[in-house]
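In: Need coordinates for the following:
(2 chains)
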Amino acid sequence: MSQAPPAERRGRRIGPHLLALVLLFLLVVGGIVGALALGSTDLSVGEVVEALGNREAVEDGGGTTADRIVWRVRAPRAFLSILVGLNLAVAGVLLQGVMRNPLASPGIIGVMAGAALFATLAMLVLPAGGLPGAPRELHVPAMAFLGAMLAAAVVFALSWQPGTGTSPTRMILAGVAVTAMVGAAQNLLSVYFADRIAGVLIWLAGSLSTRGWAELGMIWPFSLAGLGLALALARPLNLMQLGEDSARSLGVSVQRTRMLAVLAAALLTASAVCVAGIVGFVGLVVPHIVRTALSPNHRWLIPASAFAGAALVGWADVAARQLGEMPVGVLTAAIGGPYFVYLLYRTKLI
Amino acid sequence: MQETTAQPAAVQAEALTVAYGRQAVLHGVDLAVKPGSITGLIGPNGSGKSTLLRAMARLIPTRSGYTRVLGQRTDRLAPRKLAQTLAVMPQHPVAPPGVTVRELIGYGRSPFNAWYKPTPPEDHALIESLIERCDLEPLADRLVHTLSGGERQRAWIAMALAQQPRVLMLDEPVSALDIGHQLEVMDLLVDINREQGTTLMIVLHDLNLAARYCDELVAMLDGKIVDAGPMESVLNADTVRQCFKVEAQFHGPIDGHSLCSFSRMTDAPFR
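Out: Got it, this is the predicted structure:
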C-alpha cells in the first residue's frame, strides 16, 4: 500500500481535537478565577491567590474579609456553576446520542419537571423541619433530586414494552406526557399557595445565589458517577448512530446502552437542577455547538461538551452576579435561545 | 434444505416463530444454511424473508424456537461474541454525519477490542487491506453520508468484513442500485465467498440475480418456507407461481446463466 501510515493520519485528526479540549479547559479555569475575583467586591488575582492559601484561618472563624468572601461564598459557587454546566451539557450529549434526535435535551425525560415539582413541594407544603437526616440547607435540593430521579424512572417505565424494550419515540412521548402531568400538579400548587410563590419562582428561574459547600458535597458523587458512565458509553453511542440494526450486529446491547445512558443523564441532570433550579438551553445547545465545531465522535464530544458547558455556566454565573444577581438560568436561555433559532435556520429543520 | 452430511450448519433456525405484537410473521420455520454457501432468500413482499434474516441475526426478539450460529445457540451468546462470527448488513443502513469511510470500517473491529484500549496495529492493516479489497481507496477519507448508493453499499460491506465474520447476512444489498452497481456489489460478495469461505445469506428480490449468484435458495411465502435446496431445484415455474403468482419462462443457459422472464397470470387476483 502506498498510503500514508495510519499513525500519521490519526495524528492529523487528533491534534486539533486535543488543542480544542485544552483551550476549553483553560476557559473553565479562567471561569473559576473570574468567579473568585469578580463580584460586589472585586479582588485582584493576587488577593485571590493569597486568600486561597488561608483556608484554615477561615475555617477557624478568622481570616480577612477577602479570605472569607473567597472561601465561604465564591469558591463553592464557582465549583457549583461549572459542575452544573458540565452535568447539563453531558446529559444533553447522552440523550441526543441515544435518542438520535437533535432536539433531545435534559428536560425530555421529565427530570426538570420532576425536580421543579418536588422542590415546590419542599418549599410550600412540607413542614419546615426538613427531611429526616438532611441538613436544613439541603432540604430543597434533596427533594428536587428525588423528584427528578422519580420522574425519569416513571418516563422510562412508561416507555417500556415487554419483549421489545424502549424506543426513542416512546421515551420522548412518555416524557411529554409525564412533563404535562407534573406541570399540572405544579400549577395547582402555585395557585393554592399563590401568596407564598415568590421563593418558588426564583428557584424555577435557575440561580446559584447563596449556594455553598453543602450543595457541592451533595451533588459531586452523582455528577462523577454520571460522567464516568457517560465516558464509558462513548463507543456504543457512536455505534448507535449507525442505526439500531447495525449497532446490534456490531455487538452493542442496544437496550442496555439506552438504559445506562438515560440513567447517567438522569443522575447528571438531577444533580444540576436540584441545586441550581431550571438552567435552560445548556443541555440542548452546547452539544450542538461542539458536534458541529469539533467532532460528532462521542470520545471527543463528551469531554469537550463537559468543558464547554462548564465554561458557559461558569462565566454566565459571573455575568449574572455582575448584573445584580440575575438568575443564571435566564442568562443561559437568553444566550441559548437565539443561537438555537440560528441552528434551526441553518440546518433547515423549520 | 435437508442436511445429509455430519457437517454442522453455518446458521440454523429451529421451529422459529416471530411475532410483531399479536401477529405472527414467521410460523415455526426450520432452516439450515450450508457452510460456505451463498444462500438466497426469495419471496414476495411480506413473506417474512427479511424477518427470518433479522431473527437469525438476533436483531429482533423471537417468540419461540432457536437460532444457531456454527452450532451455538445465539440466545446463549453475548452480543459481542455473536458479532465476532456473524455480521449483518441491514436493509437501510444509516449514514451518520461526520464519519469517514475509514472510521466506519474501523467500527467493524469494535466487537474484538475493549473500548478503553487503542486500536491495535494489525487492525489498522486489516482496515487498509479492506479499503483496497472493496475499491474504496479514493473514498477512504470521504464522509460516508456523501457517498453514492453503490459506494455506500461497498463501504458497509467493508465494515461487515472488518468483523472477519464466518457468516455474513445481507438484507436486499442491491435492491436500490442500478444494474451496473448491482453486478459490481454481487461480484464483490461472490469473490469474498470464494476467497474466504464466508457463508453468505442474502435477501434478493431479483430472481435473475438469485439464479446467477446463489448456490442455494430458500423460497418463502406467508411466513413459511415453501421450498429450500440447491438453486436449480428451487427456482422452477411451480415455486415461482406459488410464491409470486406469476408465470415464469426459463431461457438459457445464456452466458453460463439461465434467465427467467415473467408474465402476470391473467386470472390472478390483485394481491
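In: mind checking the longest helix of chain A?
Out: helix A:6-37 (DSSP state H).
In: Figure out how far that helix is from the centre of its chain.
Out: Taking the mean of its C-alpha atoms, helix A:6-37 sits 20 Å from the chain's own mean (C-alpha atoms, centre = their mean, to the nearest Å).
In: What distance do you get for residue A:47 to residue A:69?
Out: 9 Å (C-beta to C-beta, to the nearest Å). Glycine gets a C-beta too; all of them are placed from N, C-alpha and C.
In: counting contacts, what elements does the longest helix of chain A pack onto?
Out: When contacts are defined as 3 or more C-beta pairs under 8 Å, 6 or more residues apart in numbering or on different chains; DSSP states H and E, helix A:6-37 sits against helix A:45-52, helix A:75-99, helix A:298-322, helix B:121-133.
In: shaky segments in the stretch 51-200 of chain A?
Out: Residues of the stretch 51-200 of chain A meeting the criterion pLDDT under 70: A:127-134.
In: For the closest residue to chain B within it, list the residues it contacts.
Out: As assessed by C-beta to the nearest C-beta, chain B sits closest to residue A:163 within the stretch 51-200 of chain A, at 5.5 Å. Residues near residue A:163 by C-beta atoms under 8 Å, 6 or more residues apart in numbering or on different chains: residue B:61.
In: and it, helix, strand or coil?
Out: Assigned state for residue A:163: coil (three-state reduction, DSSP: H, G, I helix; E, B strand; the rest coil).
In: check contacts around residue B:186.
Out: B:174, B:209, B:212, B:213.
In: All the strands of chain B, residue numbers only.
Out: B:11-20, B:23-33, B:38-42, B:64-69, B:72-73, B:86-89, B:167-171, B:199-203, B:216-221, B:224-230, B:246-254, B:257-264 (DSSP state E).
In: just to revisit the earlier point, mind checking the helices and strands packed on helix A:6-37 for the one nearest to residue A:202?
Out: Of all the helices and strands packed on helix A:6-37, it is helix A:298-322 that lies closest to residue A:202, at 12.7 Å by C-beta to C-beta.
In: quick check: mean pLDDT across that closest one?
Out: The average pLDDT within helix A:298-322 is 92.
In: Quick one: the strands of chain B as CSV, columns for distance to residue B:117, mean pLDDT and mean neighbour count too.
Out: Converted to CSV, those look like this (distance: least, C-beta to C-beta, whole Å; pLDDT from 0 to 100; neighbours: other C-beta atoms under 10 Å in any protein chain shown):
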stretch, distance to residue B:117, mean pLDDT, mean neighbour count
strand B:11-20, 30, 90, 19
strand B:23-33, 34, 91, 18
strand B:38-42, 35, 94, 26
strand B:64-69, 26, 91, 18
strand B:72-73, 26, 89, 14
strand B:86-89, 21, 94, 27
strand B:167-171, 26, 95, 24
strand B:199-203, 30, 95, 25
strand B:216-221, 40, 94, 24
strand B:224-230, 43, 92, 17
strand B:246-254, 52, 81, 12
strand B:257-264, 47, 81, 13
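In: okay, the ones you listed in CSV with distance to residue A:97 next?
Out: Shown next, in CSV, are these (distance: least, C-beta to C-beta, whole Å):
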stretch, distance to residue A:97
strand B:11-20, 27
strand B:23-33, 31
strand B:38-42, 33
strand B:64-69, 29
strand B:72-73, 32
strand B:86-89, 22
strand B:167-171, 25
strand B:199-203, 30
strand B:216-221, 37
strand B:224-230, 39
strand B:246-254, 46
strand B:257-264, 46
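In: Can you tell me which of the helices and strands packed on helix A:6-37 is packed in deepest?
Out: Mean neighbours per residue, mean count of other C-beta atoms under 10 Å in any protein chain shown, is largest over those for helix A:75-99, with a mean of 28.
In: Would you mind giving the orientation angle of the next helix or strand after it with respect to helix A:75-99?
Out: Per DSSP states H and E, the first helix or strand lying C-terminal to helix A:75-99 is helix A:111-124. For helix A:111-124 against helix A:75-99, the angle by axes from the mean of the first three to the mean of the last three C-alpha atoms, to 10 degrees is 140 degrees.
In: Check which helices and strands helix A:111-124 sits against.
Out: Short answer (3+ C-beta pairs under 8 Å, 6+ apart): helix A:111-124 packs on helix A:139-159, helix A:168-192, helix A:198-205, helix A:254-276.
In: buried residues in it?
Out: Judged by neighbour count (16 or more other C-beta atoms under 10 Å in any protein chain shown), helix A:111-124 contains these buried residues: A:111-123.
In: Going by distance to residue A:259, which of those residues wins?
Out: Set against residue A:259, the nearest of those by C-beta to C-beta is residue A:111 (15.2 Å).
In: Among the buried residues of helix A:111-124, which one lies nearest to residue B:119?
Out: Among those, residue A:111 lies closest to residue B:119 (C-beta to C-beta), at 35.8 Å.
In: What residues does the spatially most central residue of chain A make contact with?
Out: The geometric centre of chain A, computed from its C-alpha atoms, lies nearest to residue A:88 (C-alpha atoms, centre = their mean), at 1.9 Å. Contact analysis of residue A:88 by C-beta under 8 Å, 6+ apart lists A:106, A:268, A:269, A:272, A:279, A:282, A:283, A:286, A:309, A:313.
In: For the stretch 251-350 of chain A, which residues are neighbours of chain B?
Out: Proximity of the stretch 251-350 of chain A to chain B, by C-beta under 8 Å from any C-beta of the partner chain, involves residues A:251, A:252, A:253, A:291, A:295, A:296, A:297.
In: shouldn't the second one be in contact with residue A:240?
Out: If I follow you right, that is residue A:252. Yes: using C-beta atoms under 8 Å, residue A:252 is in contact with residue A:240, at 6.6 Å.
In: who's more crowded, these two?
Out: residue A:240 (27 against 24; other C-beta atoms under 10 Å in any protein chain shown).
In: Now for the more buried one: which residues touch it?
Out: Taking C-beta under 8 Å, 6+ apart, one finds A:97, A:98, A:100, A:247, A:252, A:254, A:257 in contact with residue A:240.
In: now swap in residue A:340 and tell me
Out: Listed by C-beta under 8 Å, 6+ apart, the contact set of residue A:340 reads A:281, A:284, A:285, A:288.
In: ok, and what's touching stretch A:57-66?
Out: The contact list for stretch A:57-66 (C-beta under 8 Å, 6+ apart) reads A:41, A:43, A:47, A:48, A:50, A:51, A:54, A:67, A:68, A:71, A:72.
In: Show me which residues of that stretch are buried.
Out: For stretch A:57-66, by 16+ other C-beta under 10 Å, it's A:58, A:63, A:66.
In: closest to residue A:186 among the residues you listed?
Out: Taking those together and measuring to residue A:186 by C-beta to C-beta, the closest member is residue A:58, at 39.2 Å.
In: of the contacts of residue A:240, closest to residue B:15?
Out: Closest to residue B:15 out of these is residue A:254 (25.7 Å), distances taken as C-beta to C-beta.
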